[in-house]
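In: my questions are about this predicted structure, shown below with the sequence.
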Amino acid sequence: MKTSKLLIPTLKETPADAEIRSHQLLVRAGLVKKLSQGVYSYLPLGWKVMKKISDIVREEMNKRDCQEVMLPIIQPADLWKESGRWDVYGKELMRFTDRHDNEYCLGPTHEEVITDVVRSFVNSYKQLPMNLYQIQNKYRDERRPRFGLIRSREFLMKDGYSFDKDEAGLETTYQVMYDGYSAIFDRCGLSYRAVEADSGAIGGSNTHEFMVLAESGEAAIVYCPACDYSANTEKALMDLSHVDTEEELEMEKVLTPDQQTIAEVSEFLGTDPKKSIKALLYRAVYAESEEHVVVFVRGDREANEIKIQNALGAMAVDMDTDEETITNLGIQRGFIGPVGLDNVTVLLDEEITRLKNLVCGANEKDYHLKNVNYGRDFECEHIVDVKEVKAGDLCHKCQAELVEARGTEVGQVFKLGTKYSVSMGATYLDENGKSKPLVMGCYGIGIGRTMQASVEQNNDEQGIIWPKSIAPFEAVVIPAVHKKQEQVDAAERIYQELQEMGVDVLLDDSKERTGVKFANSELIGYPVRITAGKMLGEGKVEIFVRSTKEKIEVPLEEASTKAKEILDTLA
RNA sequence: CGGGGCAUAGCGCAGUUUGGUAGCGCACCUGGUUUGGGACCAGGGGGUCGGGGGUUCGAAUCCCUCUGCCCCGACCA
């Protein structure tokens, strides 16, 4: 391909509306263009990268006996009512009505559709296991689209669904998919971690998220540097084997006028915040009701809302600081404690049951309690894990100190179980002629996210540094001065030779000055650049490696062979 | 959803306070000189100033309204 035949609208200036580096670079390098909030056009180079990632996905999936299909984006409401998600999915689901007043949605995911296909055609254990996938646009009306392709409303996604006879079969399939996903992200040259995560709105029991580590990541994770444990903080466990062994002192009520926050109270009483109990008031929303819940965690900790939501089985929770609510509940802002608090639902983080002689609110204005002990002074029906695990907490597997990081989720593998097969009647006959629900798994990869995550991870001052496997072109050949025929001829020759060697190569035949061509090639980030320029007088050309910035001079005759050699060594 | 900000040429911006009919840089077109690190000279094209309404002799500028886009978001018991 030649640049004269390609639309590559590079920008010198950073676009005003792009916040993070990868978003800026995707726009500046001419890979994508925003049409509307969270809606993007993929330009030739951007789409080429997307296709390379998609092809890697296809290869790894096909290798594992997965079959590619193409399912409809337009999905009837009835199907979603069958699974029960029409009323549950909320505002993220893009809904519309056709001219006959029939309701539809644009698919945010395809469990319903694939289950409909499979229940129609898969009836026997002899057909199992089966694994179907597609690569297609998904639609989600995100609360706040941002960061370019990282959180958009229309996005290309690989989604796959597995069907097994039983849990054991799913376990095997899940592991195959887990390995397949690892292979895909390895081939895309990403640095990532597979973390344990909450199963969220799709439903199901067990899940791993593939997180590309990045400062700008929207998800918080913790991982253990000593063993393989890593988890999203909404799921993360920590070691709780520590138990205070000190003697239980006599509980006393102390005057703490206007001392409301943990910091104030600890300062006032001269105690360690870790030896206190923090109270947080949440409003929990259920399908047909809502209630207020007081959550207690150790004084220096935060609570994790997802964990609270799961502990309550609520659809959503949010913190409530409304004065009127607090008054109506009959609790004392700033002085809430678990002792004698019985007019409201209470969640107690398990950690607190292991600590002795704690400080907490006395449920009376301007008073706190000292030396409070679980079991002796209060009990709680709901002992749960709702704390936000943080750096320095100990790994529950090996007791090493956990580390915090941020990540962008590029893929997820998921055990669905029989949630959809039961609600939608997807069954098969087993060896004994008995009808059983199919056991499902689902597996997703954000193609656009993967592209942008790679950019976020691989860039420098000059621009993008693509891994070879997903670069828009593996190499670019540049005649330094377009009016010098010998340079143009040499570049053309190298271009032809590389093409014959099967290299995905671009010839820059633009009429730009040398500096412009160099700057653009580095902005776009082709792994290798070959320049036919002033050294041609000595019969030499220059090979430049984007990732290492290494420049070598080689004789024209050896240029393509050498370039290919270098490419073969690159990831 | 709540809060804040922005909207003027393809991109980045000035002009708005103090109303007088739109400008700069980049990009683009023509000609010329240049050519190993985002050139220079000369000439040129391109804007219903986000939409609608109002005030006024006159509105990018003042008022009302709608829309779009960007950022932030409970850390407190």
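Out: Right, received. Where do you want to start?
In: drop to CA atoms for contacts and neighbour counts, all remaining ones
Out: Will do.
In: three-state assignment of A:Ser454?
Out: Three-state call for A:Ser454 (DSSP: H, G, I helix; E, B strand; the rest coil): helix.
In: now that it has come up, it's in contact with A:Leu190, right?
Out: Yes - the pair A:Ser454 / A:Leu190 is scored as a contact, 6.2 Å apart, by C-alpha atoms under 8 Å.
In: between these two, who's got more neighbours?
Out: Neighbours per residue, other C-alpha atoms under 10 Å: of A:Ser454 and A:Leu190, the larger number sits with A:Ser454, 24 against 21.
In: mind listing what that one touches?
Out: If a contact means C-alpha atoms under 8 Å, 6 or more residues apart in numbering, then A:Ser454 has A:188-190, A:466 as its contacts.
In: which residue sits closest to whichever residue of chain A sits closest to RNA strand B, ignoring its sequence neighbours?
Out: At 2.5 Å from RNA strand B, A:Thr261 is the closest residue in chain A, using C-alpha to the nearest atom of the strand. Using C-alpha to C-alpha, 6 or more residues apart in numbering and skipping the chain neighbours, the partner closest in space to A:Thr261 is A:Gly334 (6.5 Å).
In: and that neighbour, how far from A:Pro257?
Out: A:Gly334 sits 10 Å away from A:Pro257, going by C-alpha to C-alpha, to the nearest Å.
In: and if you look at A:Val113?
Out: From A:Val113 over to A:Pro257 (counting by C-alpha to C-alpha), the distance is 61 Å.
In: who has more neighbours out of those two?
Out: Each of A:Val113 and A:Pro257 has its neighbours counted (other C-alpha under 10 Å); A:Val113 has more, 17 against 12.
In: tell me the mean pLDDT for the helix or strand encompassing that one?
Out: In the assignment (DSSP states H and E), A:Val113 maps to helix A:111-121. Per-residue pLDDT values over helix A:111-121 give a mean of 96.
In: quick check: what element follows it along the chain?
Out: Once helix A:111-121 ends, the next helix or strand along the chain (criterion: DSSP H and E) is strand A:130-139.
In: got the angle for that following strand vs helix A:111-121?
Out: 150 degrees (axes from the mean of the first three to the mean of the last three C-alpha atoms, to 10 degrees).
In: which neighbours in the sheet does whichever helix or strand comes after strand A:130-139 have, and how are they oriented?
Out: Using DSSP H and E, the helix or strand that follows strand A:130-139 in sequence is strand A:154-164. As defined by DSSP bridges, the strand partners of strand A:154-164 come to strand A:130-139 (antiparallel), strand A:439-446 (antiparallel).
In: was I right to think A:Tyr229 contacts A:Gln399?
Out: No - in this structure A:Tyr229 lies outside contact range of A:Gln399 using C-alpha under 8 Å: 10.8 Å.
In: so between the two, which is more surrounded?
Out: A:Tyr229 (20 against 16).
In: which residues of chain A score low on pLDDT?
Out: A:199-205, A:321-324 (pLDDT under 70).
In: distance of A:Leu523 relative to A:Leu79?
Out: In terms of C-alpha to C-alpha, A:Leu523 sits 47 Å off from A:Leu79.
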